[in-house]
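Novice: everything below, folded, please.
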Amino acid sequence: QAPIKATCEDTSCKTGFPEDVHSAVVSRSIHGGQPLLNVRFQSCDGNRKIHFGSSEPEDFRVGEDGVVYAERSFQLSAEPTEFVVSAQDKETQEEWQMRVKLTPEPPFTGASEKDQEKIEDIIFPWQQYKHSSPLKRQKRDWVIPPINLPENSRGPFPQELVRIRSDRDKSLSLRYSVTGPGADQPPTGIFIINPISGQLSVTKPLDREQIASFHLRAHAVDVNGNQVENPIDIVINVIDMNDNRPEFLHQVWNGTVPEGSKPGTYVMTVTAIDADDPNAQNGMLRYRILSQAPSSPSPNMFTINNETGDIITVAAGLDREKVQQYTLIIQATDMEGNPTYGLSNTATAVITVTDVNDNPPEFTAMTFYGEVPENRVDVIVANLTVTDKDQPHTPAWNAMYRMTGGDPTGRFTILTDPNSNDGLVTVLKPIDFETNRMFILTVAAENQVPLAKGIQHPPQSTATVSITVIDVNESPYFVPNPKLVRQEEGLLAGSMLTTFTAQDPDRYMQQTSLRYSKLSDPANWLKIDPLTGQITTTAVLDRESIYVQNNMYNATFLASDNGIPPMSGTGTLQIYLLDINDNAPQVNPKEATTCETLQPNAINITAVDPDIDPNAGPFAFELPDTPASIKRNWTIVRISGDHAQLSLRIRFLEAGIYDVPIVITDSGNPHASSTSVLKVKVCQCDINGDCTDVDRIVGAGLGTGAIIAILLCIIILLILVLMFVVWMKRRDKERQAKQLLIDPEDDVRDNILKYDEEGGGEEDQDYDLSQLQQPDTVEPDAIKPVGIRRLDERPIHAEPQYPVRSAAPHPGDIGDFINEGLKAADNDPTAPPYDSLLVFDYEGSGSTAGSLSSLNSSSSGGEQDYDYLNDWGPRFKKLADMYGGGDD
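Specialist: Predicted coordinates for the structure are as follows:
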């Protein structure tokens with residue numbers, strides 16, 4: 001490697017570039033990504049964040065560390081190349097510039113083989129020899145020419161590359177080291193340096209496809225670690241070897257070409273890439289076609305540009321109808337296509353021949369036949385079939401049909417079936433057999449797109465279509481329809497109105513005469529003769545009927561034939577009814593209200609006449625002569641043709657309801673008049689003319705029907721209230737009865753239920769309670785004397801059914817019986833009950849036997865006088881002491 005020469009001048013500490021112009025000598029051939037030189041930017045504070053830029057960004061790029069790289073590969077001209085490097089502070093936006101001048105190094109003059117094999121020394125800093133002048137130190141940064149190292153080297157390793165040393169190693173003991181990717185950064189350990197001798201070596205084979213160049217930085221320090229020289233940059237370029245085959249981007253390439261294309265027509269481009277250096281022969285590819293299938297009409301229908309991979313046609317005769325697809329085997333070879341040293345690979349190119357319209361449609365027959373029943377529309381009468389050799393369902397295959405003759409009135413059209421491409425002859429307008437029995441149509445077929453240029457076939461095909469019309473039974477039709485008849489209203493029943501007949505269009509069918517019937521007659525005024533079609537009235541025609549709209553009455557009739565199948569037609573008869581003066585005018589409204597005084601008391605009335613002009617207004621209003629009180633109390637004045645005012649003639653008329661007859665006469669010829677009764681309610685009024693008496697409110701506001709409705713509502717409401725009260729009382733009674741059944745203390749019937757005793761034993765059974773069951777049978781002399789035991793066990797004989805106690809007291813006083821038994825118990829100290837607890841079984845509620853609790857006092861304990869306990873004997877003395885004897 002020849003040393004790079006550079007010059008610069010010393011500068012003091014000043015932020016910016018150390019010089020305005022930086023000169024460097026570089027090799028003439030520059031590769032993309034190659035480092036060229038290192039520009040120094042001096043920052044006095046050392047904290048600035050500097051961004052470098054180039055005035056020629058398409059050729060040169062400046063890294064953040066100040067290293068200038070080539071952006072692309074090019075050759076330097078003999079003249080120096082200049083560009084500007086700028087530095088900008090990212091925070092303050094302050095900017096500095098320096099001009100860089102690159103000079104190509106002089107041609108290499110050659111050296112001995114021994115000198116070439118000698119390991120080159122790189123000196124800190126670089127020494128420049130100018131003729132025979134002594135060594136002169138230059139204070140500057142140097143750019144070391146790149147070291148080229150071939151990839152895939154077989155060693156031996158480590159392989160020495162260069163030796164780095166400083167010219168101060170004679171006076172100082174120095175240590176050398178390298179940093180950067182490949183040394184102390186991943187991938188580490190590829191390059192090592194002898195710290196004593198500065199010998200830089202590579203430890204393993206390199207792969208250019210993984211890393212094309214390494215950027216290292218060499219350092220020289222003394223034994224104390226102090227930097228002796230500024231670091232220098234070392235660039236190691238990996239020289240490419242042909243170790244990669246070309247690879248196509250796709251294994252199968254698809255392209256199209258229209259049939260009939262001329263030679264030289266572009267088809268497609270295939271592309272392959274080679275991981276080797278594209279600027280060297282290792283990465284320069286060449287293409288060629290190995291085979292073509294099929295080989296018709298020529299084995300060389302296509303060719304390929306060996307550098308670009310463009311495939312074009314070289315022969316004529318592409319015909320899709322014969323060959324629809326070609327398959328080409330394409331080979332790509334590096335080393336510029338050298339078959340001996342180059343590596344190659346193959347891919348498949350599939351070329352589809354696309355269709356063009358080079359075949360017109362052709363009818364399969366010269367004449368097509370069809371038939372259609374008369375009066376039918378939207379039916380297909382014939383199918384026109386064509387053949388087309390072009391690709392189906394494309395514009396070059398799709399057929400369009402048109403009629404060129406035989407249908408001057410446009411009764412037919414031809415549609416295209418999108419699936420079969422057939423022409424469907426369809427009827428658009430009804431056809432009458434009696435007018436046209438056959439049609440001869442001339443049709444033509446052509447494609448959606450015109451034929452390609454140079455095609456010798458005619459652009460269209462023609463054929464004839466013969467269509468026969470079939471006679472069918474048609475519906476009769478009325479003439480005219482609708483038929484208008486003008487007739488005065490009031491035409492009597494049984495009068496002949498008109499004749500409404502129909503015609504049968506079937507002139508060539510043997511049929512009997514038509515029959516007529518009525519289809520619609522809303523007022524049921526008409527009838528029609530079934531044979532002649534004569535229409536007569538069955539009722540009086542009335543223009544004022546609800547079935548007449550705008551003086552017009554519509555009726556519909558039916559005419560039927562006896563064909564196969566039978567057909568019928570309808571006709572509408574419109575009767576325009578002329579008005580006659582057959583309705584007298586009436587007064588409106590029928591009721592009115594006025595005050596009993598003269599002012600204000602005007603009543604506005606209107607005459608209503610169902611007739612129309614000239615049999616309606618203007619109307620004449622007058623009061624009848626009888627009774628005489630009418631004209632004496634009232635007067636009427638016409639204010640317009642249809643309106644009049646009725647008012648009091650006298651100063652005061654007693655409040656009440658008055659029927660005022662009014663005679664109204666219309667303007668018809670002859671006149672029609674009627675006497676209408678106006679019900680006038682006369683009432684007392686306030687100063688505003690409003691009624692104030694109650695009679696007016698009742699009379700004017702509520703009619704008889706309304707009053708009856710109100711009374712019925714009141715009666716229904718009272719019945720509902722009464723039913724609710726009765727229901728509440730019944731519920732209270734049921735509740736009370738339920739309490740009597742549940743609470744045994746409220747049952748005072750003199751019956752005793754016997755319970756099983758769980759208590760004191762036989763001595764507790766001295767009472768003969770069976771005597772209480774039948775008090776009537778107990779005689780005074782039958783009472784047991786004192787000292788006889790009383791048994792309350794169930795008798796052995798059948799248990800009697802005890803009747804419910806009646807409301808009246810029983811003749812036998814059970815109280816006397818109890819008192820006598822009490823005396824016997826008091827005088828017998830051995831008689832029960834003892835101070836023991838008796839447990840009785842619960843027999844349930846609802847029994848016919850009553851409870852002894854009915855013998856208790858109904859008064860509360862607080863109101864009871866317990867002094868009588870002293871009279872009950874010694875057995876109650878303790879109880880008397882507790883409850884009797886006063887407050888103490």
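
Novice: give me the nearest residue to N481, chain neighbours excluded.
Specialist: Excluding the flanking residues, the one nearest N481 by CB to CB, 6 or more residues apart in numbering is G571, at 4.6 Å. Bear in mind the C-beta positions are built from the backbone N, C-alpha and C, glycine included.

Novice: tell me the spacing between that neighbour and I535.
Specialist: Distance, G571 to I535, using CB to CB, to the nearest Å: 11 Å.

Novice: likewise for N345?
Specialist: 101 Å.

Novice: these two - which one has more neighbours?
Specialist: Ranked by neighbour count (other CB atoms under 10 Å), N345 and I535 place I535 first, with 23 against 17.

Novice: would you agree the more buried one is in contact with T499?
Specialist: Yes. The criterion here is CB atoms under 8 Å, and I535 meets it with T499 at 6.8 Å.

Novice: hmm, back to that, give me the common contacts of G571 and I535.
Specialist: Here G571 and I535 have F500, F557 as joint contacts, going by CB atoms under 8 Å, 6 or more residues apart in numbering.

Novice: in the chain, which helix is the longest?
Specialist: Longest helix in the chain, counting residues (DSSP state H): helix 704-742.

Novice: buried sites along it?
Specialist: When burial is assessed from 16 or more other CB atoms under 10 Å, helix 704-742 yields no buried residues.

Novice: repeat that for stretch 486-501.
Specialist: Those would be Q487, E489, L491, L497, T498, F500, T501, for stretch 486-501 by 16+ other CB under 10 Å.

Novice: what about the fifth one, helix or strand, and which?
Specialist: Think T498. For T498, the element it lies in under DSSP states H and E is strand 496-499.

Novice: list the helices and strands that strand packs on?
Specialist: Under the contact criterion of 3 or more CB pairs under 8 Å, 6 or more residues apart in numbering; DSSP states H and E, strand 496-499 touches strand 483-488, strand 534-537.

Novice: could you dump those strands into CSV with mean pLDDT and distance to L384 added?
Specialist: CSV is the format used below for the helices and strands packed on strand 496-499 (pLDDT from 0 to 100; distance: least, CB to CB, whole Å):
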stretch, mean pLDDT, distance to L384
strand 483-488, 89, 46
strand 534-537, 92, 52
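
Novice: of all the ones you listed, which one is nearest T626?
Specialist: strand 483-488 (36.3 Å; CB to CB).

Novice: what's near enough to touch the nearest residue to V270 once chain neighbours are set aside?
Specialist: Distances taken as CB to CB, 6+ apart place G309 nearest to V270, at 4.5 Å, with adjacent residues excluded. Contacts for G309 (CB under 8 Å, 6+ apart) come out as T269, V270, T271, A272, Y287, I330, A332.

Novice: do that again at 7 Å, thanks
Specialist: By CB atoms under 7 Å, 6 or more residues apart in numbering, the contact set of G309 is T269, V270, T271, Y287.

Novice: just to revisit the earlier point, between all of the buried residues of stretch 486-501, which two are separated the most?
Specialist: By the measure CB to CB, E489 and T501 form the most distant pair in the buried residues of stretch 486-501, at 25.2 Å.

Novice: against P57, how distant is G16?
Specialist: In terms of CB to CB, G16 sits 22 Å off from P57.

Novice: neighbour count: those two, which is higher?
Specialist: Neighbours per residue (other CB under 10 Å) separate G16 from P57, with G16 holding more: 17 against 11.

Novice: for the more buried one, name its beta-bridge partners.
Specialist: Q42 (DSSP bridges).

Novice: from memory it sits against W96, does it?
Specialist: Yes. In this structure, G16 is within contact of W96 by CB atoms under 7 Å, at 4.4 Å.

Novice: give me phi/psi at N827?
Specialist: N827 adopts backbone torsions of phi -80, psi -10, taken as degrees, to the nearest 10.

Novice: and for S27?
Specialist: Dihedral angles (degrees, to the nearest 10) for S27: phi -70, psi 150.

Novice: and for N383?
Specialist: Phi and psi for N383, reported as degrees, to the nearest 10, are phi -110, psi 120.

Novice: now for the closest residue to it other than its chain neighbours: which residues touch it?
Specialist: Nearest non-adjacent residue to N383, counting by CB to CB, 6+ apart: D422, 5.1 Å away. Contacts were defined as CB under 7 Å, 6+ apart; by that measure D422 touches N383, L384, T385.

Novice: contacting residues for the last one?
Specialist: This means T385. Each residue near T385 by CB under 7 Å, 6+ apart is listed here: T364, D422.

Novice: that one and T692, how far apart?
Specialist: 99 Å.

Novice: repeat for the second one
Specialist: Taken as CB to CB, the spacing of L384 relative to T692 amounts to 96 Å.

Novice: the two: which has the busier surroundings?
Specialist: More crowded of L384 and T692, by other CB under 10 Å: L384, with 25 against 12.

Novice: show me what that one bridges to in the sheet.
Specialist: Beta-bridge partners recorded for L384 (DSSP bridges): G423.

Novice: would you confirm that it contacts G370?
Specialist: No. Between L384 and G370 there is no contact under CB under 7 Å: 9.6 Å.

Novice: who touches both of these two?
Specialist: Counting by CB under 7 Å, 6+ apart, the common neighbours of L384 and G370 are V425.

Novice: just the strands in the stretch 351-500 of the chain please.
Specialist: Per DSSP state E, counting those that start in this stretch, the stretch 351-500 of the chain carries strands over the ranges 362-363, 367-373, 380-384, 386-387, 399-405, 412-416, 423-427, 438-447, 461-470, 477-478, 483-488, 496-499.

Novice: list the helices and strands the helix or strand that comes right after the last one packs on?
Specialist: What it means is strand 496-499. Heading C-terminal from strand 496-499, the first helix or strand you meet, by DSSP H and E, is strand 502-503. In terms of contacts (3 or more CB pairs under 7 Å, 6 or more residues apart in numbering; DSSP states H and E), strand 502-503 is packed against strand 477-478.

Novice: if we can go back for a sec, need the strands of the stretch 351-500 of the chain in TSV (columns: distance to V540).
Specialist: Formatted as TSV, the strands of the stretch 351-500 of the chain follow (distance: least, CB to CB, whole Å):
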stretch	distance to V540
strand 362-363	71
strand 367-373	48
strand 380-384	55
strand 386-387	71
strand 399-405	60
strand 412-416	55
strand 423-427	50
strand 438-447	56
strand 461-470	50
strand 477-478	26
strand 483-488	11
strand 496-499	12
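
Novice: just say which of those strands is most tucked in.
Specialist: Ranked by mean neighbour count, the strands of the stretch 351-500 of the chain are led by strand 423-427 with a mean of 21 (mean count of other CB atoms under 10 Å).

Novice: which helix or strand contains the residue nearest to N481?
Specialist: Using DSSP H and E, the element containing G571 is strand 568-578.

Novice: where's L415 relative to A382, distance?
Specialist: To A382, L415 is 12 Å away according to CB to CB.

Novice: what do you get for V721?
Specialist: For V721, the distance to A382 - CB to CB - is 89 Å.

Novice: next: P373.
Specialist: Taking CB to CB as the measure, P373 falls 14 Å from A382.

Novice: repeat that for A555.
Specialist: In this view, A555 and A382 are 45 Å apart by CB to CB.

Novice: S171 now?
Specialist: S171 sits at a distance of 117 Å from A382 (criterion: CB to CB).
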